[in-house]
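sequence below, structure please.
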Amino acid sequence: MITTVLKIESQAELHTYILDGKRTRPAVLICPGGGYHFLSPREAEAIALQFAATGFHAFVLYYTVKPEDYRQPMLELSRAVCAIRSRADEWNLDSEKIAVCGFSAGGHLAASLAVHWPKLPDAPQNKPNALILSYPVITSGEHKHAGSILNLLGPNPKSEQLHEMSLEKQVNTSTPPTFLWHTVADPIVPVENSLMFATALREQGIPFELHIYPNGPHGLSLATYETDDGRGTDRHVATWMGLCIGWLKDLFMFE
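Numbers count the residues shown, from 1 in each chain. Predicted coordinates for the structure are as follows:
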């Protein structure tokens, strides 16, 4: 495996996990969570290594948090996708099989690109081909995670910013197929975030797979001992990764 760090823009860094060999592979680009306040290490390399272990090239984006411009993280993710796509030949990577994967606020970031990519300066090179959302922040409305919205938009956001970043309202026919999972018991980011996004996908005819687990706190990551920070583990919730890999391999027709 080849690991390296690429500067994307400002403070953003793209960490790469490129598998050896001449086989052309799909890629997964991971956005850790942290409420747009910090970046959770439990939702970074450990996730990349799981995808790499099943044959995917993997990447982790360390994006700007508490940005002065609320669009900065989304632009960094957009440019990260472009950077990956532009090196497809060098890395033996299938440029039409790039998934973006996000956890919590990182899920909000990944979903932001998924719904807004056609409007950004990098389009169409920034287009994600699949979206993976783990207990994502989605809405700026009733079921919002207040800290994430505050850190992204500041204390006095404009109504149009709140609308733009309430992603269940922004799903469109250009949004890629999506895998989502959440727990009903999540006390930090309500399960309604995933349910609303899935409903919006359904209304637009976008294929999706949704798994709602009854128990488990917010931020379980892999839900295994590998990523346990005191929240505990859950063998049932831990099935999400295998389900996700199966879904993604079927979508990308990759074995």
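
what bits of the stretch 1-150 of the chain have low per-residue confidence?
2 (pLDDT under 70).

helices of that one, residue ranges please.
For the stretch 1-150 of the chain, the helices defined by DSSP state H, counting those that start in this stretch cover 45-53, 72-86, 88-91, 105-116, 146-153.

give me the contacts around the last one.
For helix 146-153, the surrounding residues in contact (CB atoms under 8 Å, 6 or more residues apart in numbering) are 35-37, 65-67, 70, 73, 104-105, 108, 137, 140, 157, 161-162, 165. C-beta here means a position set from N, CA and C on the backbone, and glycine is covered the same way.

what average pLDDT does the next helix-or-strand element following it get?
Going down the chain from helix 146-153, the next helix or strand is helix 159-164, by DSSP states H and E. For helix 159-164, mean pLDDT rounds to 97.

which parts of helix 159-164 are buried?
Q161, L162, E164 (16 or more other CB atoms under 10 Å).

just give me the closest of these to V189.
Nearest to V189 out of the buried residues of helix 159-164 is L162 (CB to CB; 17.0 Å).

residues of the longest strand seen in the chain that come out buried?
In the chain, taking DSSP state E as the definition, the longest strand is strand 93-103. For strand 93-103, a neighbour-count test (16+ other CB under 10 Å) marks L93, D94, S95, K97, I98, A99, V100, C101, G102, F103 as buried.

could you do stretch 175-195 as well?
Buried residues in stretch 175-195, counted by 16+ other CB under 10 Å: 175-183, 186, 189-195.

one step back: how about a markdown table for the buried residues of helix 159-164, with distance to E255 added?
Listed next are these as a markdown table, based on distance: CB to CB, whole Å:
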| residue | distance to E255 |
| --- | --- |
| Q161 | 43 |
| L162 | 43 |
| E164 | 39 |
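
related to what we said a few turns ago, in helices, which of the buried residues of stretch 175-195 fall?
Among the buried residues of stretch 175-195, the members falling in helices (DSSP state H) are E192, N193, S194, L195.

just name the closest of those residues to P26, please.
Among these, S194 lies closest to P26 (CB to CB), at 23.6 Å.

which residues are in contact with that closest one?
S194 neighbours (CB under 8 Å, 6+ apart): L133, Y135, P136, I138, L180, W181, H182, L210, I212.

ditto for H182
S134, Y135, P136, V189, V191, N193, S194, L195, H211, I212, Y213.

kindly report the same for V100.
V28, L29, C31, L77, V81, A110, L113, A114, P128, A130, L131, I132.

change it to 6 Å
Counting by CB atoms under 6 Å, 6 or more residues apart in numbering, V100 touches L29, A110, P128, L131.

near the spatially closest residue to the first one that is not a sequence neighbour, how many other residues are there?
Spatial nearest neighbour of L29, excluding adjacent residues (CB to CB, 6 or more residues apart in numbering): F59 at 4.5 Å. Residues near F59, counting by other CB atoms under 10 Å, number 26.

ok, F59 touching P26?
No. Between F59 and P26 there is no contact under CB atoms under 6 Å: 11.6 Å.

between the buried residues of strand 93-103, which sits nearest F252?
K97 (4.5 Å).

to E203, which of the helices of the stretch 1-150 of the chain lies closest?
Comparing these under CB to CB, the one sitting nearest is helix 105-116, at 13.1 Å.
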